[in-house]
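Enquirer: Structure for the following, please:
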Amino acid sequence: MLEESEVWQIPAEIFSNQIANNPLVSAKFLKLLSKNLLIKESKILELAYESVRKRVANSLVALCDIYGQNDTLTMKVPRELVASMAGTSVETAIRMLSEFKGDGYIDVKASEITVLDYASLKKSPF
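Expert: Purely as a prediction, here's the structure:
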């Protein structure tokens with residue numbers, strides 16, 4: 001899903017000046033950086049300690065959270081994207097998707113994935 005957007009560029013000198021002289025800007029920037037750091041830390045822990053099955057399930061849940069409606073998602077999702085999000089090979093991601101289809105959590109037709117049981121994907125310990 002593509003959305004219209006605008007890209008702005010702030011010259012480094014102006015940005016540095018704002019960070020140095022504007023406490024509100026520097027506080028918001030630090031908050032943004034710390035949130036980003038927490039997200040990255042969470043992802044590293046997931047890659048280190050979660051099973052591949054759980055990581056693929058989390059990837060489908062994330063896609064559903066971003067692009068789905070009412071905990072459902074039907075969209076063309078490249079297997080490479082699922083594998084990349086889960087930190088695994090494409091072959092392993094395909095195998096996990098097949099298992100999820102067999103378990104009734106998703107349906108797969110050609111390159112389209114439909115999440116059928118969001119709650120099970122999100123809550124199951126796998």
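Enquirer: just checking, next helix/strand downstream of the helix or strand bottoming out on mean pLDDT in the chain?
Expert: The weakest-scoring helix or strand in the chain, judged by mean pLDDT, DSSP states H and E, is strand 73-76 (a mean of 89). In the C-terminal direction, the helix or strand that comes right after strand 73-76 (DSSP states H and E) is helix 79-86.
Enquirer: got the CA coordinates for the following helix or strand past that next one in PDB?
Expert: Next along the chain after helix 79-86, taking DSSP H and E as the criterion, comes helix 90-103. This file holds the C-alpha atoms of helix 90-103, laid out as PDB (Å, rounded to 0.1, in the frame of the first residue of the first chain):
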ATOM      1  CA  VAL A  90      12.900 -17.600   2.400                       C
ATOM      2  CA  GLU A  91      12.700 -21.400   2.400                       C
ATOM      3  CA  THR A  92      12.100 -21.500   6.200                       C
ATOM      4  CA  ALA A  93       9.500 -18.700   6.000                       C
ATOM      5  CA  ILE A  94       7.700 -20.600   3.300                       C
ATOM      6  CA  ARG A  95       7.700 -23.700   5.400                       C
ATOM      7  CA  MET A  96       6.300 -21.800   8.400                       C
ATOM      8  CA  LEU A  97       3.600 -20.200   6.200                       C
ATOM      9  CA  SER A  98       2.600 -23.700   5.100                       C
ATOM     10  CA  GLU A  99       2.400 -24.800   8.700                       C
ATOM     11  CA  PHE A 100       0.300 -21.800   9.600                       C
ATOM     12  CA  LYS A 101      -2.000 -22.600   6.700                       C
ATOM     13  CA  GLY A 102      -2.300 -26.200   7.900                       C
ATOM     14  CA  ASP A 103      -3.100 -24.900  11.400                       C
END
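Enquirer: Give me the packing partners of helix 90-103, helices and strands only.
Expert: helix 52-67, helix 79-86, strand 106-109 (3 or more C-beta pairs under 8 Å, 6 or more residues apart in numbering; DSSP states H and E). Yep, even glycine has a C-beta here, placed from its N, CA and C like the rest.
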